[in-house]
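# sequence unknown, structure follows:
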């Protein structure tokens, strides 16, 4: 069985991004790095899907963005959760916990 990075399930990326931004404003690379580090390298987010998710979340009003400078003094957009984003994260976390709990019940021996 492969032990490298895994593909994300449909609908997973948004909740991961929202969860990362709960820590505070981050630019895209920092979001990707946090997810990779938090999952011990099991989940690696490629740039295109990450930025599509960030833009989708911004259009939905769940995140807002401002220009700033990264830790290596490069211009970058920093994303932060909005009030609606915090509410959305809470709802999505509850749904994922319910879903994961149901899947674990099926995987457990009878």
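Yes, it's here. Predicted, not measured: the structure shown is a model, and the values here were computed from it.

# Which other helices and strands does the longest helix anywhere in the chain contact?
Longest helix of the chain, by residue count under DSSP state H: helix 83-107. Packing partners of helix 83-107 (3 or more Cβ pairs under 8 Å, 6 or more residues apart in numbering; DSSP states H and E): helix 12-21. Glycine gets a C-beta too; all of them are placed from N, C-alpha and C.

# Which other helices and strands does the helix it packs on contact?
In terms of contacts (3+ Cβ pairs under 8 Å, 6+ apart), helix 12-21 is packed against helix 28-38, helix 47-59, strand 63-69, strand 75-81, helix 83-107.

# Identify whichever of those lies nearest to residue 19.
Of all the helices and strands packed on helix 12-21, helix 83-107 sits nearest to residue 19, with 6.4 Å by Cβ to Cβ.

# Next, the buried residues of the closest one.
Of the residues in helix 83-107, those with enough neighbours to count as buried (16 or more other Cβ atoms under 10 Å) are 85, 88-89, 92, 96.

# With pLDDT and distance to residue 68 added, can I get these in JSON lines?
Formatted as JSON lines, the entries for these read as follows, by pLDDT from 0 to 100; distance: Cβ to Cβ, whole Å:
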{"residue": "85", "pLDDT": "98", "distance to residue 68": "18"}
{"residue": "88", "pLDDT": "97", "distance to residue 68": "23"}
{"residue": "89", "pLDDT": "97", "distance to residue 68": "22"}
{"residue": "92", "pLDDT": "94", "distance to residue 68": "26"}
{"residue": "96", "pLDDT": "93", "distance to residue 68": "30"}
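
# quick one: which of the residues you listed is nearest residue 70?
Nearest to residue 70 among the buried residues of helix 83-107, with distances taken as Cβ to Cβ, is residue 85, at 21.5 Å.

# For the closest one, give me its contacts.
18, 21, 57, 61-63 (Cβ atoms under 8 Å, 6 or more residues apart in numbering).

# State the distance from it to residue 25.
As judged by Cβ to Cβ, to the nearest Å, residue 85 and residue 25 stand 12 Å apart.

# cool, and residue 88?
From residue 88 to residue 25 the distance is 17 Å (Cβ to Cβ).

# Can you say which of the helices and strands packed on helix 12-21 is nearest to residue 14?
Within those, the stretch nearest residue 14 is helix 47-59; the backing value is 5.7 Å (Cβ to Cβ).
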